[in-house]
Every structure is written in C-alpha cells, then in structure tokens.
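Undergrad: structure for the following, please:
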Amino acid sequence: GTIIAGTDGAGIFFIDAVTAAVTGNDRNDVDAHESIGSNNINDICPDGSRVIIATSGAGLSFFRDNDVPITLAAHRTNDRNSLSNDHVNGVYESIRGRTYVATDSGVDIYDITSRKWTHICEGVICSSVSVDSHGILWVGTYGDGFHIFDASTLVSRGHFLESPSGSGRRCPAVRHFLEDGDGDVWILGYRNVILYDRSEDRYIDYPPHSARSGCVAPDGRICLACEHGILMLDKETGESEVLCEGVMLDICSDEGGVWAASSGLGLVHYDLGTKVVGRITKENGLNSDFINSVQYDNGKIWAGTEN
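TA: Just a heads-up that it's a prediction; the model follows:
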C-alpha cells in the first residue's frame, strides 16, 4: 500500500506503507495545466476511484491512481456557478452525485449531473460538512454553531449555537461529525462532545473534551483526536482512556487500530491488539512532523502535513 501525504507548502508526498520510504512528490507547476492547483492541502476525501483534494487558495483538485492531480473547481468572480471561496476547509462526496464543500464563505454543493453549484450558509466560515446515512446534512462552523439540513432539498432542519441538550453549553467551533455503528451522530468541537441519539431523537452532552475529529475503531468503540491525545470513549458511561498523549488533529481507523495526525509527533498509529504506538516522522522521509489530516482508503493512508 501507499501513504499519500498532502502538505502545507510542498504538494503531495507518496510513502511506501511497508518501508516508510518516500517514493515520490507532486507539486504545483505554473507551466503545467494538469498539475495540482496548490501546494497547500487542507483536506482529503477518498471515494474509491479518485481522491478529492481541498486546497487553500486554489479550490478543489482530484487525483486518480497512476495519474496527476488536475483542478476540478475554483472561485470565479461574480459567477455563482462556481466555488464561493477558494479557501476550502472540508469536503464530502455523496453517493448521489453531489459534492459538499465547506469554505470560508459558506457551503457549496456541486451536482455532477447538472454541473451546477448551490450555496447555503452564505457568509459563514464553515469548518466541516458531512451527510449521514439518513440523508441529513450536518454543517459545522467557526463562531456560528452547527446547522442541519435535508441533504436532498437543502431545507433547514435546525441551527444551534448551544448544545440542543438544553445544558446551555456553547458550540463556538464545531470541527467534525461522526456517524457510529448505531446510526447515532457525534458532534465534535472545541470543548464539545455531543451525541445525537437517533432512536430517542435527543442530544446527550459528554465530558467537554476539545475534540478535533473522531472515528469508529475496528471493535466499534469511539476514538477521538483531542488536544491532549488519542482518546478512547465509552459510549454508555462517558468514561475515557488516553491511548497516546500529544496534540492530535485528525484520526481514522484501519483493520487493526487507528491512525492519528499529530502536531509535532508525525503520523501516529495505535494498534488496538498489541497496544503498541508507532510513528512515521521526518526521519522516515516526511517533510514535517506536523500533520493536519489523515484518511484511510483501501489499504492506503492519506495524510495532509504542515511544512
């Protein structure tokens, strides 16, 4: 397998997952129209046949195996049928042919059939976007709580500046949404871990960890990337265990454990069976030990680093 790492300033690196050796590097080339739009990578969204790359300042690019990244979309002045802002913070691709893009100016939705863009949450700095298995669109923001829409009709289902549980806990920065094996949705952010219990149609506040991201571990438990480490959370009791200390910015699971993007520790792997912590760092060929994002897709790890 291959680890593909996106960087902040140095394009994309390809790393052999077995030897941890860097095998290639693709960067923006102003003289090559087919090159990636920007060397600054904010987010990565694999969908099997291709990987969508969210960049800072150059919109979206996509990458196919054995191919070069090519620009997919960018902002065009006074053209509403384009991205509203080239600063892209998150992206989600639906199986229904829609791509949802969180930008500094709202959420942009691209319909591949009509080739039209639709815009919601206009003027709001949107940090994250996701669609759950019940067709609900979740939008996280910086400073404006979180929004819920019907993903098909884009009709609003709610806007919350505070936790809907009634606790009064503010939601100043919502960074990630996670649907677990029960179909419940976790709302994660700065000093916020909130669960939407779908069967009972209610929200539950958990201890206020500052969570950047989350994933479902191979054994079904919830793992969080927090500002104080990788956290294993018990859904029933709310109790947690720190698996590895450090500032963690993103997390995903593979067949045997979890991978975490860290601030200064490189790419961190925790094996749930052996409880062994492994790391891929600059010593293995990465250009930085500061990792912004990580995704697992078909035996490959995609990581976005900070140069």
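
Undergrad: low-confidence ranges, the protein, go.
TA: The chain contains residues with pLDDT under 70 at 1-14, 17, 24-74, 306-307.

Undergrad: please, where are all the helices along the chain?
TA: Taking DSSP state H, the chain contains no helices at all.

Undergrad: mind listing what the nearest residue to residue 284 once chain neighbours are set aside touches?
TA: Leaving aside its chain neighbours, residue 284 sits nearest to residue 20 (4.0 Å; criterion: Cβ to Cβ, 6 or more residues apart in numbering). Every C-beta, even on glycine, is put in place using the N, C-alpha and C of the backbone. Listed by Cβ atoms under 8 Å, 6 or more residues apart in numbering, the contact partners of residue 20 are 280, 284, 285.

Undergrad: of those residues - the most surrounded one?
TA: Of all these, the highest neighbour tally under other Cβ atoms under 10 Å goes to residue 280, namely 23 neighbours.

Undergrad: what separates that one from residue 80, distance-wise?
TA: To residue 80, residue 280 is 42 Å away according to Cβ to Cβ, to the nearest Å.

Undergrad: please report how far residue 286 lies from residue 163.
TA: From residue 286 to residue 163 the distance is 38 Å (Cβ to Cβ).

Undergrad: could you do residue 139 as well?
TA: From residue 139 to residue 163 the distance is 16 Å (Cβ to Cβ).

Undergrad: cool, and residue 252?
TA: Applying Cβ to Cβ to residue 252 and residue 163 gives a distance of 26 Å.

Undergrad: what do you get for residue 124?
TA: From residue 124 to residue 163 the distance is 19 Å (Cβ to Cβ).

Undergrad: isn't residue 254 right up against residue 298?
TA: No: assessed by Cβ atoms under 8 Å, residue 254 is found out of contact with residue 298, at 10.5 Å.

Undergrad: between those two, which one's more packed in?
TA: residue 254 (18 against 8).

Undergrad: can you list phi and psi of that one for me?
TA: Per-residue torsions, residue 254: phi -120, psi -160 (degrees, to the nearest 10).

Undergrad: list the residues that contact it.
TA: 218, 296, 301.

Undergrad: which non-adjacent residue is nearest the second one?
TA: The one in question is residue 296. Spatially, and ignoring its direct neighbours in sequence, residue 296 is nearest to residue 252 (4.5 Å; Cβ to Cβ, 6+ apart).

Undergrad: that neighbour contacts residue 293, correct?
TA: No: assessed by Cβ under 8 Å, residue 252 is found out of contact with residue 293, at 9.1 Å.

Undergrad: higher neighbour count, those two?
TA: Neighbours were counted for residue 252 and for residue 293 using other Cβ under 10 Å; residue 293 has more, 25 against 22.
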